[in-house]
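Engineer: Provided below are the primary sequence and the corresponding predicted coordinates.
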Amino acid sequence: MDSLVWQVRDRILSLQTQWFTLIGEHLQVPEGPLLEYWRVEKADSVVVLPIQNQQIIMPVPIYRPGVGKATLDFPGGRCPANQSPAQATQSILQRELGTSPTAINHLAPLNPAGWAINSSFSSQMLYGFVAHLKDEAAVSAERVAATYPLNPAGLAALLENLHCLQCRLVLREWQAAPIGEDVKD
């Protein structure tokens with residue numbers, strides 16, 4: 001296993017912003033060349049699949065600078081350093097759907113250890129959660145773009161409109177996981 005460890009020889013650059021730190025380094029590959037390598041350190045991400053009354057609730061599309069347009073995504077965001085991913089779900093749902101702090105009836109993690117988003121380039125992990133909202137919990141109507149029923153036709157329609165790979169992963173992991181009694185086919 002030691003032969004898999006690359007040694008940092010020197011740091012070319014460390015650029016820190018409020019969103020990420022960009023690091024450039026020279027790495028010595030075991031029994032190989034000296035490589036110039038760039039990586040990003042970022043806060044972890046949380047994506048929440050909100051379900052209420054047998055419907056998946058989708059917030060209004062948000063402009064995404066990376067693709068230059070607004071996209072339909074599950075509620076999500078960065079996990080603050082002072083919160084666990086599970087704690088972050090509450091503020092994410094409040095911000096994106098206008099829910100109250102007590103709206104969540106049951107919160108189920110899809111991956112307690114997180115998934116590496118791009119392990120060769122970034123330290124960022126993705127945590128997925130399913131938030132079952134209380135039937136009577138208020139959701140801000142002006143923050144909801146669409147709802148999709150928990151049935152095969154509803155999930156197929158959602159997949160047609162969902163282009164974010166992280167959101168699609170959370171949906172597919174939820175469909176594959178034995179969580180709750182929701183219809184997942």
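Structural biologist: Cool, got the structure.
Engineer: How about the secondary structure of the residue sitting nearest the centre point of the chain?
Structural biologist: A centroid search over the chain (CA atoms, centre = their mean) returns residue 47, at 3.4 Å, as the residue closest to the centre. Under DSSP: H, G, I helix; E, B strand; the rest coil, residue 47 falls in the strand class.
Engineer: remind me which residues of this structure are low pLDDT?
Structural biologist: 1-3, 179-185 (pLDDT under 70).
Engineer: Now do the contacts for the closest residue to residue 140 other than its chain neighbours.
Structural biologist: Take residue 140 and drop its neighbours on the chain: the residue closest to it by CB to CB, 6 or more residues apart in numbering is residue 98, 2.7 Å away. In this view, the C-beta of every residue, glycine as well, is placed from N, C-alpha and C. By CB atoms under 8 Å, 6 or more residues apart in numbering, the contact list for residue 98 reads 138, 139, 140, 142, 143.
Engineer: From those, pick the one nearest residue 35.
Structural biologist: Among those, residue 143 lies closest to residue 35 (CB to CB), at 46.1 Å.
Engineer: Domain parsing of this structure, as residue ranges.
Structural biologist: 2-42, 45-176 (automatic domain parsing).
Engineer: right, so those domains: which one is the most enclosed?
Structural biologist: Burial of the domains of the chain is given as mean neighbour count (mean count of other CB atoms under 10 Å); domain 45-176 ranks first at a mean of 17.
Engineer: Tell me the one of the contacts of residue 98 nearest residue 130?
Structural biologist: Nearest to residue 130 out of the contacts of residue 98 is residue 139 (CB to CB; 15.7 Å).
Engineer: Doesn't that closest one lie inside a helix?
Structural biologist: No: counting by three-state DSSP, residue 139 is not found in a helix; it is coil.
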